[in-house]
Structures are given as structure tokens and as C-alpha cells.
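Trainee: Need coordinates for the below:
(2 chains)
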Amino acid sequence: MSSQSQIDKKTIQKIASLAQLALTAKEEDLYTTQLGQILNYVSQLSEVNTENIEPMVTATEMLVTFREDEVKKMLTPDEVLSNAPERSGHLFKVPPVL
Amino acid sequence: MDFDKLSVKTIAEKIQNKELKAQEVVAESLNRAKKSQKDLNSFITICEAEALKKAEQIDKQVSGGKGVGPLCGVPVAVKDILLTKGIKTTAASKILGNFIPPYSSTVVEKLERAGAVIIGKTNLDEFAMGASNENSAFGVVKNPWDLTRVPGGSSGGSAAAVAAKITPASIGTDTGGSIREPANFCGIVGIKPTYGRVSRFGVVAFASSLDQVGPMADTVESAALMLEVISGKDEKDSTSANVAVEEFSKIKAKDVKGLRVGLPKEYFVDGIEADVKKSVEEAIKILKDAGAQVKEISLPMTKHGIAVYYLIAPCEASANLSRYDGIRFGYRSSDATSLEELYKRSRGEGFGAEPKRRIMLGTFALSSGYYDAYYKKACQVRRLIKEDFDKAFTQVDVIVTPVTTGPAFKIGDKSSDPLAMYLNDIFTLPPSLAGIPGISLNCGYTKQGLPIGVQLLSNHFEEAKLIQAGCVIEANQKEVKKVPYGL
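Mentor: Take a look at the predicted model:
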């Protein structure tokens, strides 16, 4: 992590594409500046010696618990699809893929 | 009925004892909610018909001699990020603007089983991302103490509803301070429980290793009772903890003899406004006078809390928000001709500026070549922050700090500068990263009469200590001002 921002407009476009996010030209400019500022700020972490420190990825590191795999009454297909913007019977409808 | 002065417990008791009717209490609460909307905008949805129907059922149960539950007929407001079956749940985002969940969150089910009546879904920062409630797709919430100021965020609507005496209690969520900061800005009580104490099932996910649901209320006792109701292991949330739920509501304000209180020197630094410093010192004095032993401690990693949080939370958010694709539920762009375009446009048009910013930041920090330098590094420093607290809790029971450096700021003051907004969370982020519980409660006022809160922190699953100390501070507070916004 360097204190020099790696963010330019090309990077922003690449990230937006990875995130499946359509941005306007104005948003691209704004996020180029703002992400640069934020990343400059967080680069302070490079000062911290983290050699041999195990990353902490969850707030309480409890053991994974298991439960019986039982069949239970869940939502009906109609309920599951009730918020679909477009559907065809019990299927989600999308634009042509091929 | 002196609605303003009724606590959660009193309402439930009076309705159960037939001194009050659930229908009249709920109707009053609904009237206040509706009347306040144009000034405060604290609700996204007011559930009038459902609430009145529920109240009627409760009155019937009571008159039939049935015990309803500890929240019998109590009107509560729920942050619009907890799913409510059949009632629109938006997370204050255009992308979920018309989403009607087919099931309820565990917390909502627990509230309803206990007899609570949900009168509305409160406004928030979009996807709980913010500290001012200015990031809502449904407009900013105003602070009942000063309508030109923010109520805090992201649980701004839940805080304003309680402060304006619309409901005696509400539900918020806290990922990096989103219960504690608005409670502080609105002069009420807010508890962020230990991570795992309360089920996250049915809560729209923001940053899953940090998100936690908690109560906001008029008094410590009300908040404690709400916490008692919503806590506990839930088989639908594998991260919920199998830890016994204490009778938090039975904790009374007596002394705190022998309680070891730590003041982290990194939290009492230059930059804290004089009024905040004075009020927090008064709270500390109350604890001292009640028998607590106060000593200075050190949490040296404090200064890195913001950097760690603003990497980890956006990384998790970028993953969680990938589910909004315009296909299964939520907003769909009408102009797309291919599947990929549909994803991109639906997300681009549906998300507001702050979620987009965080998706971009998180996607960058998780992307190939940057993962180790950003995400992994942040997770490593997160462990060091937690170890600071582990060490501190071998010496003290409760840590006392300010909640923010100043009182509620003016609407618009920080909204154009994300980094300035993020810096506001400096005292609430490290406890969230460590997963420990915190309470924020009023302890004074600025010269202009704005409320100031104090934050108390304890070790994992030791909420009882916070409630005990909070009760003592509340009972001995020199002055309690009345909120100027009247209904």
C-alpha cells in the first residue's frame, strides 16, 4: 500500500465494470477524486506492523455450529417470485442472453 | 393519558392491567407520527391499518384474560432495513423502493410475539451507510432538538421518533455507530449489543461481520427491556450466539461500588468540543460518586479504526450488494437490451451515491493485486484493535468515552465531503470492529441546548454492566431538558 493514490479514471472504469455498475461521466470523475482521497487516508495502515498477525474476518470468532438438515415449510414459489420485476409463471424473466 | 411520560414498561403494564387500551395508545402514537412527518420525515412508511388491527387484537386478548407479553400494546418504530412481512421495506434505497418482503425478520417476529405494535418503518441512510441520515432516497430526517440539524445516522428516523415522543422505543441497526451516534445527537438511549447477541435474519445486509440490531429508547430501562425481548440464539442466523439472555430490564440504578471504569487516553484528545468534554466528565463523576474506581487506560490502535472500518465495511458491502441485479427483486432499468446491461443499468440507476461509492471502494480493495494490501491488512489491524480491548478488559469492567467530538451538526455541513463524514465515527468504530457492546445515553447539553451523550463499552456479552452503569448515570443526571419539538 503506497501513500500515492493508484486511482485514475481508467481504474475507476475497470472497477465499475467489475462491480456491474453503470456510472455517468460525472460520477466517474467524482469517484476518481473521492476514492483517491479515501485510499490516501487508509494508507496510514502501512505504518502498522502486522507481521504474523492472523486476519480477523468476523467480530466474534465462535465455532461453526451444525444443525440437523430437516425439511421445513418455507415460502411458496409465488411468494418467492412476488417481487420479481418480470416473470413468466414460476420463472424470472430476463432479456435474451444469446 | 400523559403519553410523553409513559415508558415501555409502564405502557405494557397499564394495557395488561386494563388501565389503558392498546388502541388508544397506538392511535395517539400514529397521530403523532403522521403529524410530525412534514417537520421530521422520520418515517418512510406508517403502518396505520396494520397497527390499529394489531392493537385491537391485543385489547381483545387482554379483555379475554390473556397475558400478552412484556411489550403488550407498546407502539414501536422499526428501522426500514428490517424485513416486515407484507409491509414495504426499502433500506431507504430506490433499488428496494417497492420491495414487499414475503417474510419478517426474527427481531420483528420477536417484537410482535412480545405484544409490540409496529406503527411504522423509520427513515435511514441508504443501506445504513451514513452518519447523518442525509443519504436517504426518501429525504433527510430532521433533529427534533433543532430542525436545521441532522439527527445522526444511520438510524436517524428511529432516533428522531423516540426523541419527538412518537414512540417510547424503536429498533435501529449499528454497523459502525449507527445506533449510538443518532441516540447521542437526539438525546436518547441506544444500545449496540455484542455481535451475535441479536439475530440478523431478515435484516438487509450491509457489512455482515459488523451489522447488529439494537434498541433505541427514552430510558435505559426501556432499552434494556427491548434488548431482552430481541436477544437470543436464532437457528436462522448461524452467527447468533448461544449465550443466555439475562433479565436486563430488572437491573436497577443502585450504586456501582467496585466497578472498574477505564478512560482511554486516546479518546480524550484535542478536537473534542468543550461542552462534550464537560458533559462526559460529569457522567464520569457520577460513576465515581456511586463507588466506581476510575483509571486511565490506553487503546493505542484507536487512531487506525476509521481506516480499518472504511476498508472492511465497503468490502463486505460490495459483496452483499451484488445481489441487487434487477432480476429477482428490486428496481429494474427499463432500457436494457442485454443481460449485462440490465445488471449495470439497474444498479447504476437504483443505488444512491453513498452505496455506489462503497461498492467501488470495496470492489477495488478486493480486486486482484490489491486484496492483500487493503482487505487483508485491514483485517490484521482489526485484530490488533480487538486485542487492545481484550487487554483493557483485564484491567477494567467498563470503558467510558465521548460518542462524537461534537453535537448534531447542521444539515449539509458534511454531506459533500465523504471523508469528513467518516471521521465523525472515530469513537464508535473501534468497538464495532472488536464486536463488543456499547450504550450511548444522554449526559448533558451544549450551551445552545443540544443533547450530548456518553458511550459506555464492556467486554463481549456483558451488556448488563453497561445497563447498570447507564442506570446510575441516568438517575443522577443534574438536568434533563425537554425536547423543544412538541406534538
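Trainee: wouldn't residue B:125 be in contact with residue B:159 here?
Mentor: No: counting by CB atoms under 8 Å, residue B:125 sits too far from residue B:159 to count as a contact (12.0 Å). Any C-beta I mention is one placed from the backbone N, CA and C, and that applies to glycine too.
Trainee: Could you check which of those two is surrounded by more residues?
Mentor: Ranked by neighbour count (other CB atoms under 10 Å in any protein chain shown), residue B:125 and residue B:159 place residue B:159 first, with 39 against 33.
Trainee: Identify each buried residue in the longest helix anywhere in chain A, please.
Mentor: For chain A, the helix reaching the highest residue count under DSSP state H is reported as helix A:25-42. Buried residues in helix A:25-42, counted by 16 or more other CB atoms under 10 Å in any protein chain shown: A:27, A:30-32, A:34-36, A:38-39, A:41-42.
Trainee: Quick check: the gap between residue B:346 and residue B:100.
Mentor: 18 Å (CB to CB, to the nearest Å).
Trainee: quick one, phi psi at the closest residue to residue B:426 other than its chain neighbours?
Mentor: Excluding the flanking residues, the one nearest residue B:426 by CB to CB, 6 or more residues apart in numbering or on different chains is residue B:306, at 5.9 Å. Phi and psi for residue B:306, reported as degrees, to the nearest 10, are phi -70, psi -40.
Trainee: Residue B:306 against residue B:422, yeah?
Mentor: Yes: using CB under 8 Å, residue B:306 is in contact with residue B:422, at 5.8 Å.
Trainee: looking at chain B, which helix or strand is least sure?
Mentor: helix B:418-423 (a mean of 86; mean pLDDT, DSSP states H and E).
Trainee: most centrally placed residue in chain B?
Mentor: By CA atoms, centre = their mean, the mean C-alpha position of chain B lies nearest to residue B:179, the distance being 2.3 Å.
Trainee: Point me to the residue of the stretch 351-487 of chain B nearest chain A.
Mentor: residue B:435 (3.0 Å; CB to the nearest CB).
Trainee: thinking again about what came up before, of the buried residues of helix A:25-42, which ones also sit close to chain B?
Mentor: A:27, A:31, A:34-35, A:38-39, A:41-42 (CB under 8 Å from any CB of the partner chain).
Trainee: Chain A: helices as residue ranges?
Mentor: Counting by DSSP H, the helices of chain A are A:9-18, A:25-42, A:77-80.
Trainee: Name the residue in residue B:346 and residue B:100 with the higher neighbour count.
Mentor: residue B:346 (26 against 15).
Trainee: Contacts only, for residue 34.
Mentor: Reading this off chain A. Residues near residue A:34 by CB atoms under 8 Å, 6 or more residues apart in numbering or on different chains: B:357, B:418-419.
Trainee: My question was about chain B, not that one.
Mentor: Counting by CB under 8 Å, 6+ apart, the residues that residue B:34 touches are B:46, B:48.
Trainee: How far does the helix or strand containing it sit from its chain's centre?
Mentor: Assigned by DSSP states H and E, residue B:34 belongs to helix B:22-40. Centre-to-centre, helix B:22-40 and its host chain are 21 Å apart (CA atoms, centre = their mean, to the nearest Å).
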